[in-house]
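A.B. asks: quick one, structure for this:
(2 chains)
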Number of protein chains: 2
Amino acid sequence: MASQVLMKPVTRVAVSGSTHGNEMSGVFLAKHWIKDPSELCRSTFSTTAFIANPRAMEKCVRYIHQDLNRSFKMEFLDAPDSQDEPYEVQRAKELNKIYGPKGSPEAHDLMFDMHNTTSNMGACIMVESPQDPFSFHLANYMKSKFADDKCTICVYDLEGQETYTMNSICKNAITLEVGPQPHGVARAECLAQMKVLIRHGLDFIERFNQGAAFPAFEMEAYVSISPEYFPRHSNGEISGFIHPKLQDKDFLPLNPGDPIFQTLDGSEVIYEGESTIYPFFINEAAYYEQEIAFCKSKKKWISVPAIQAQLD
Amino acid sequence: MASQVLMKPVTRVAVSGSTHGNEMSGVFLAKHWIKDPSELCRSTFSTTAFIANPRAMEKCVRYIHQDLNRSFKMEFLDAPDSQDEPYEVQRAKELNKIYGPKGSPEAHDLMFDMHNTTSNMGACIMVESPQDPFSFHLANYMKSKFADDKCTICVYDLEGQETYTMNSICKNAITLEVGPQPHGVARAECLAQMKVLIRHGLDFIERFNQGAAFPAFEMEAYVSISPEYFPRHSNGEISGFIHPKLQDKDFLPLNPGDPIFQTLDGSEVIYEGESTIYPFFINEAAYYEQEIAFCKSKKKWISVPAIQAQLD
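C.D. replies: Numbering: from 1, shown residues only, chains lettered A, B, ... in the order given. Model prediction:
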């Protein structure tokens, strides 16, 4: 990597709520900022808050026909318009026109996408890999300013797959997950955490645009590897539940031999992996439909080069 | 009241899960007991577990057309069958035939209805008032055996209104609320608490049927008074959220002058009642659609007369 990466200043940022219509921190904050955007204003770039899935928000459900945050593959974005296409595909095309087009020079510079989880993940900043160093600097700055509570950086490794999330239509993407919070509920401390994360994120961009130099650094992050599925009965139904010793232990080490599931007759299922992993999204409500019990990650050090804005 | 109430022994008990299809302790326990009812078996009466709202369970939602647990008024149960009646009205009629008919001598003796809440209510046993002393003895026994964790008896005072809940079709009704648990999620400790409550409830009935005398006693219970609504903007949207000092404080005293809501700009709303109350169902997800922020109760002592089964 180059010793310092010179990058264009940021001009346009989008902040999304209601990508999942029952994740209420984003729903309420986006509504709040649409009504009064003053908290989002900085001197060197523009920020727009928006409601990603208004119909799902109206019904307080995750989605209407399919998960909006899995609807930004090119097969959806390029599909010819049709009367009977899923609502979220139609909405993905609309959003891609406004904040993308995906992969184009016209795309917005950055999208913050605000999510909640029923898992005990605290404030979690997710970046997709491979990413340019800007997102890592941004995430690192947000985490460093978030002094009071648990704040974790998680790298979502797509392993060469095509990106599919909503914020992948912008040049840089940050997904915020704050929890634990039940879907359909707004907890004041989760709202406050989300608000603080966005504030620090916008402050970083302002400093970057004003010419601040951000030196190279090493960053510890949790890099996703694979999901762990619930055990099932022969009829396909879930037969074991997250073990009390694992519940709420997101981002803490899970070692081979540790219990991960408990059945209703009290027996245990043991983690049989070969090495220590760090579970997250433990007992996330939205993942039951895919029978995902938790996601697994490895702790890794990532080298991030210095960056600075190239000012005229 | 008589010094001792002689009552008929219990012959038939029903245990319901999925009255709300996304409250997972009941969903999973009812499925478990339908498959293997051995844990429900006692020598002196029969117990049947059932799924109350299979279509809501399938979709993992509270209800399809209307809340099943508000669908047992006579106006619904007596309505002529119709193609376009709400699914839950149709289902209420079916269930009333099986476990009722409501108010008739053929009705089942008792229904335990298993619910979860996103509120921090621990294990809560709800009885409707006015009630015969059997339900109070049963609730008191369950609470007394539930040594390890928070267990509360709550009396739902309908103030002379017609009953509307599913278990009102049986001669006695116990509603169990266990939380906090996000809807759509099963937490092992909530499953375990619900299972223990049902076990103690069935044990009480067995002892009662075998002729044990249960002496008169005084019981402290939380008696519901009225709901508290979220503050709203002029457009009807929620403008304030449960205050961090109130969140998770179910059944703890709330005094006039204590903060109850916090807005996104940090201002507080104060409780302006005239006396101490005990909030419950604080920040329950399902109550947002009615804009109920929490329910209020008063702590009261209730005198319960002695009971004994009248054996042949």
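
A.B. asks: would you map the helices across chain A?
C.D. replies: Counting by DSSP state H, chain A has helices at residues A:24-35, A:54-59, A:74-77, A:87-99, A:133-145, A:188-209.

A.B. asks: okay, those helices in TSV with mean neighbour count, mean pLDDT and distance to residue B:99 next?
C.D. replies: In this view, the C-beta of every residue, glycine as well, is placed from N, C-alpha and C. Converted to TSV, the helices of chain A look like this (neighbours: other C-beta atoms under 10 Å in any protein chain shown; pLDDT from 0 to 100; distance: least, C-beta to C-beta, whole Å):
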stretch	mean neighbour count	mean pLDDT	distance to residue B:99
helix A:24-35	22	97	36
helix A:54-59	17	97	31
helix A:74-77	15	96	47
helix A:87-99	20	98	39
helix A:133-145	21	95	55
helix A:188-209	20	97	40
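
A.B. asks: okay, those helices in CSV with distance to residue B:46 next?
C.D. replies: Shown next, in CSV, are those (distance: least, C-beta to C-beta, whole Å):
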stretch, distance to residue B:46
helix A:24-35, 44
helix A:54-59, 41
helix A:74-77, 54
helix A:87-99, 48
helix A:133-145, 59
helix A:188-209, 46
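
A.B. asks: of all those, which lies closest to residue A:173?
C.D. replies: helix A:133-145 (6.9 Å; C-beta to C-beta).

A.B. asks: residues in contact with that closest one?
C.D. replies: Residues from elsewhere that reach helix A:133-145 (C-beta atoms under 8 Å, 6 or more residues apart in numbering or on different chains): A:1, A:5, A:7, A:110, A:125, A:127-128, A:151-153, A:172-174, A:196-197, A:200-201, A:203-205, A:208, A:214, A:217, A:219, A:302, A:304-305, A:307.

A.B. asks: of these, buried ones?
C.D. replies: A:5, A:7, A:110, A:125, A:127-128, A:151-153, A:172-174, A:196-197, A:200-201, A:204-205, A:208, A:214, A:219, A:302, A:304-305, A:307 (16 or more other C-beta atoms under 10 Å in any protein chain shown).

A.B. asks: quick check, pLDDT for the residue of the stretch 201-312 of chain A found nearest chain B.
C.D. replies: Nearest residue of the stretch 201-312 of chain A to chain B, counting by C-beta to the nearest C-beta: residue A:285, 3.6 Å away. Per-residue pLDDT puts residue A:285 at 98.

A.B. asks: what do you get for residue A:146?
C.D. replies: For residue A:146, the predicted pLDDT is 87.

A.B. asks: ok, now residue A:1?
C.D. replies: pLDDT at residue A:1 comes out at 46.

A.B. asks: was I right about the residue of the stretch 201-312 of chain A closest to chain B contacting residue B:184?
C.D. replies: Yes - with contact defined as C-beta atoms under 8 Å, residue A:285 reaches residue B:184; the gap is 3.6 Å.

A.B. asks: now, which of the contacts of helix A:133-145 lie within strands?
C.D. replies: Secondary structure defined by DSSP state E assigns A:5, A:7, A:110, A:125, A:127-128, A:151-153, A:172-174, A:217, A:219, A:302, A:304, A:307 of the contacts of helix A:133-145 to strands.

A.B. asks: which residues sit in contact with residue A:178?
C.D. replies: Residue A:178 touches A:25, A:114-117, A:121-124, A:190, A:193-194, A:197, counting by C-beta under 8 Å, 6+ apart.

A.B. asks: could you dump the residues you listed into a markdown table with distance to residue B:145 added?
C.D. replies: Shown next, in a markdown table, are those (distance: C-beta to C-beta, whole Å):
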| residue | distance to residue B:145 |
| --- | --- |
| A:25 | 40 |
| A:114 | 45 |
| A:115 | 41 |
| A:116 | 37 |
| A:117 | 35 |
| A:121 | 36 |
| A:122 | 36 |
| A:123 | 41 |
| A:124 | 40 |
| A:190 | 36 |
| A:193 | 40 |
| A:194 | 42 |
| A:197 | 45 |
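
A.B. asks: the residues you listed: which two are farthest apart?
C.D. replies: Once C-beta to C-beta is applied, the contacts of residue A:178 give A:114 and A:122 as the farthest pair, at 14.8 Å.

A.B. asks: which of those two has more residues huddled nearby?
C.D. replies: Neighbour count, other C-beta atoms under 10 Å in any protein chain shown: between residue A:114 and residue A:122, residue A:114 has more, with 29 against 19.

A.B. asks: distance of the closest residue to residue A:194 other than its chain neighbours from residue A:127?
C.D. replies: Nearest non-adjacent residue to residue A:194, counting by C-beta to C-beta, 6 or more residues apart in numbering or on different chains: residue A:25, 4.4 Å away. In this view, residue A:25 and residue A:127 are 19 Å apart by C-beta to C-beta, to the nearest Å.

A.B. asks: so which bits of the stretch 201-312 of chain A are right by chain B?
C.D. replies: Contact residues (C-beta under 8 Å from any C-beta of the partner chain) of the stretch 201-312 of chain A with chain B: A:237-238, A:241-244, A:247, A:262, A:264, A:283-286, A:288-289.

A.B. asks: contact partners for residue A:176?
C.D. replies: A:112-115, A:123-126, A:194, A:197-198.

A.B. asks: now with 6 Å, please.
C.D. replies: A:114, A:197 (C-beta atoms under 6 Å, 6 or more residues apart in numbering or on different chains).

A.B. asks: where's it relative to residue A:139, distance?
C.D. replies: To residue A:139, residue A:176 is 10 Å away according to C-beta to C-beta.

A.B. asks: got it, and residue A:223?
C.D. replies: Applying C-beta to C-beta to residue A:223 and residue A:139 gives a distance of 13 Å.

A.B. asks: residue A:285 and residue B:184: which is more packed in?
C.D. replies: residue B:184 (27 against 23).

A.B. asks: got a list of what that one touches?
C.D. replies: Contacts of residue B:184 by C-beta under 6 Å, 6+ apart are A:285, B:22, B:60.

A.B. asks: so who does the residue lying closest to residue A:71 once chain neighbours are set aside touch?
C.D. replies: Spatial nearest neighbour of residue A:71, chain neighbours left out: residue A:92 (4.2 Å); criterion: C-beta to C-beta, 6+ apart. Neighbour list for residue A:92: A:71-72, A:76 [criterion: C-beta under 6 Å, 6+ apart].

A.B. asks: between the residues you listed, which sits nearest chain B?
C.D. replies: residue A:71 (20.4 Å).

A.B. asks: low-scoring pLDDT stretches of chain A, where are they?
C.D. replies: Scanning chain A for pLDDT under 70 picks out A:1-2, A:130-131, A:148-149.

A.B. asks: backbone phi and psi for the residue in it sticking out farthest from the centre, please?
C.D. replies: Within chain A, residue A:265 marks the point farthest from the mean C-alpha position, 36.1 Å out by C-alpha atoms, centre = their mean. Here is the backbone geometry of residue A:265 (degrees, to the nearest 10): phi -90, psi 10.

A.B. asks: wait, what's in contact with residue A:51?
C.D. replies: Shown in contact with residue A:51 (C-beta under 6 Å, 6+ apart): A:18, A:30.

A.B. asks: so how far is residue A:32 from it?
C.D. replies: Using C-beta to C-beta, one obtains 11 Å as the distance from residue A:51 to residue A:32.

A.B. asks: buried set for stretch A:81-88?
C.D. replies: A:86-88.

A.B. asks: mind putting those residues into CSV with distance to residue B:167?
C.D. replies: As requested, these are exported to CSV (distance: C-beta to C-beta, whole Å):
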residue, distance to residue B:167
A:86, 39
A:87, 38
A:88, 39
